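Trainee: quick one: sequence plus predicted model below, questions after.
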Amino acid sequence: MQNYFKRFKDLLHVGHESVPEEEVIVGISEGAGFSGAKLWILILAIFVACLGLNTNSTAVIIGAMLISPLMGPIIGMGLGVGINDFDLIKRCVHNYLIATLFSVCTATLYWLFTPIAQAESELLARTSPSFYDILIALCGGLAGIIALSNKSQRSGNVIPGVAIATALMPPLCTVGFGIATANITYALGALFLYLINTIFIALATYIGVAFIVKFKKKEYPDKSIEKRIRRIIILIILVTIIPALWLTFGMVRESIFEQRIDKFVKTEVQFPGSQIISKTINYDTKSLSIMLIGKEIDSLQINKMKENLRYYSLDDLNLQIIQNNNEIDEDAISLILQGNLSQQNQQLITQHNQNVKLEEQLSPYVETENYAHSIQKELPTLFPQIENISMAKGVKVIKTDTATKDSSITLIVIESSKPILTDDKDKIQNWLKQRTNRSDLSIIYQNK
């Protein structure tokens, strides 16, 4: 067991190909500087990242994160804390603030002058930080410092991967967007995400330096300074981690709420002849709006659905069923759904509208057919000589001195075994007008 434990420990040991400590410290210290070419590269990287967010292009955003030199002073701060180098900490903080200020100003200028300043999905994703961002920053920072301390890994793809995973550039661009568009919520959310990444990359670097690669620490002449720095670090971590935990808790609750609704809709809101066009969930108001087309659901079915909400732990949900068995206004639907209709659902609505219009066009003919069947049964009882009745919708063309015009008529052909008297014809016409509630009747009598 001791041999297995020793082999396992050797597998996890990171010092097999370690870079000399002084070389790592010099490399990180030089990478923490921000002036000249490095500052211009940062500005151009910010422009590239803004373009990526503006065009919603993930590839461009990733490219900007690879170009950006922002990681230098952040790792430098963690290294300074880990080896008790107070001068390095001050220099990295100074350079970090300069880089942040230039980045935000550059991003703000871009969003002020771009012709389309619209929040796409890639930008919106950087406005709501969570506890998961802390974990990403910690894991990425640890990977980064281990790679920088290892000969075989420092020239590999670990550091670029950390830059992509922790995403320092997009939040700064989103801060600029929030300032340029006067959207404080976006600006503060993105700034918080940027600070989370900064603090926990630096913390991970400190943990790596102090407990994994174990660099030598400088001795403070005054131990109280070291204690004060430790307290400041702990305070910063707590101030950052508590709001992130709260936001994550809210995200998890909202995700569970949406999963319950999805299960409810798939199980309870399935009716033959009806099609769900969209469902709109509002977690803040605990409401669900479902839009249906097709066969109308009656109030009893809706009430039953509301009663079944308790089986899905949705007792306080405000359920609204929006349905219309007539023509649907596509513009109104688009407004209700805020443009979130899928192409398939739009095609369903269009097809439904076409069917409704066709039914409206055919309804006079269907109504005429129904009248014909009823009158065929009723009229012969009043006038036994009548044997057959035919009804049809027609068009009467009227010619005038200047032009011709059309008018619709209802044509009725009455076949009788004996000639019908004039008085009876008047009675038949009056009866038909009252029975059909139409005044456009044109009656033709035929003897068999």
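Mentor: Cool, got the structure.
Trainee: which outside residues touch stretch 170-188?
Mentor: Contacts with stretch 170-188, where a contact means C-beta atoms under 8 Å, 6 or more residues apart in numbering, come from 46, 49-50, 52-53, 61, 64-65, 100, 103-112, 117, 119, 122-123, 126-127, 189-191, 193-194, 197. (C-beta placed from N, C-alpha, C; glycine too.)
Trainee: could you give the mean pLDDT of that stretch?
Mentor: Stretch 170-188 carries an average pLDDT of 92.
Trainee: buried residues in it?
Mentor: 170-181, 186-187 (16 or more other C-beta atoms under 10 Å).
Trainee: show the end-to-end separation of it, please.
Mentor: As for stretch 170-188, its first-to-last residue distance stands at 13 Å under the measure C-alpha to C-alpha, to the nearest Å.
Trainee: pLDDT below threshold where in the protein?
Mentor: 9-10, 12-17, 152-160, 220-222, 324-368, 399-407, 448 (pLDDT under 70).
Trainee: at 50 what do you get?
Mentor: 326-328, 330-332, 335-342 (pLDDT under 50).
Trainee: got the residue ranges for the strands in it?
Mentor: Under the criterion DSSP state E, strands of the chain are mapped to 274-282, 287-294, 318-324, 386-399, 404-416, 441-447.
Trainee: okay, those in a markdown table with mean neighbour count and distance to residue 376 next?
Mentor: What follows is the strands of the chain, written out as a markdown table (neighbours: other C-beta atoms under 10 Å; distance: least, C-beta to C-beta, whole Å):
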| stretch | mean neighbour count | distance to residue 376 |
| --- | --- | --- |
| strand 274-282 | 17 | 37 |
| strand 287-294 | 20 | 34 |
| strand 318-324 | 15 | 36 |
| strand 386-399 | 14 | 5 |
| strand 404-416 | 15 | 10 |
| strand 441-447 | 12 | 15 |
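Trainee: so which of those strands comes closest to residue 31?
Mentor: Residue 31 lies closest to strand 274-282 among the strands of the chain, at 46.1 Å (C-beta to C-beta).
Trainee: and the angle from that closest one to strand 318-324?
Mentor: Orientation check (axes from the mean of the first three to the mean of the last three C-alpha atoms, to 10 degrees): strand 274-282 against strand 318-324 gives 140 degrees.
Trainee: and residue 24, how far is that from residue 149?
Mentor: Here residue 24 is placed at a distance of 5 Å from residue 149 (C-beta to C-beta, to the nearest Å).
Trainee: who touches both of those two?
Mentor: Between them, residue 24 and residue 149 share these contacting residues under C-beta under 8 Å, 6+ apart: residue 213.
Trainee: how about the contacts made by the residue nearest the centre of the chain?
Mentor: Nearest to the geometric centre of the chain sits residue 121, at 7.2 Å (C-alpha atoms, centre = their mean). Residue 121 sits next to residue 56 when contact means C-beta under 8 Å, 6+ apart.
Trainee: pull the number of nearby residues for residue 206.
Mentor: Other residues lying near residue 206 total 21 when counted by other C-beta atoms under 10 Å.
Trainee: from residue 127, how far off is the residue nearest to the centre of the chain?
Mentor: According to C-beta to C-beta, residue 121 stands 11 Å off from residue 127.
Trainee: same check on residue 171?
Mentor: Distance from residue 171 to residue 127, by C-beta to C-beta: 9 Å.
Trainee: likewise for residue 196?
Mentor: 13 Å.
Trainee: for residue 93, same thing?
Mentor: Applying C-beta to C-beta, the value for residue 93 to residue 127 is 26 Å.
Trainee: more neighbours: which of those two?
Mentor: Between residue 93 and residue 127, residue 127 has the larger neighbour count (other C-beta under 10 Å), namely 22 against 16.
Trainee: what about the spatially closest residue to the more buried one that is not a sequence neighbour, how many residues nearby?
Mentor: Leaving aside its chain neighbours, residue 127 sits nearest to residue 189 (4.0 Å; criterion: C-beta to C-beta, 6 or more residues apart in numbering). Here the number of neighbours of residue 189 (other C-beta under 10 Å) works out to 21.
Trainee: distance of residue 189 relative to residue 244?
Mentor: For residue 189, the distance to residue 244 equals 11 Å [C-beta to C-beta].
Trainee: hmm, residue 44 and residue 103 touching each other?
Mentor: No - under the criterion of C-beta atoms under 8 Å, residue 103 makes no contact with residue 44, lying 11.2 Å away.
Trainee: neighbour count for these two, which is higher?
Mentor: Higher neighbour count among residue 103 and residue 44: residue 103, with 25 against 14, using other C-beta under 10 Å.
Trainee: for stretch 124-139, buried residues please.
Mentor: Across stretch 124-139, burial judged by 16+ other C-beta under 10 Å covers 126-131, 133-134, 136-138.
Trainee: let me redo that: stretch 246-253
Mentor: Neighbour-count burial for stretch 246-253, counted by 16+ other C-beta under 10 Å, picks out 247-248.
Trainee: and that stretch, how far from the chain's centre?
Mentor: Centre-to-centre, stretch 246-253 and its host chain are 17 Å apart (C-alpha atoms, centre = their mean, to the nearest Å).
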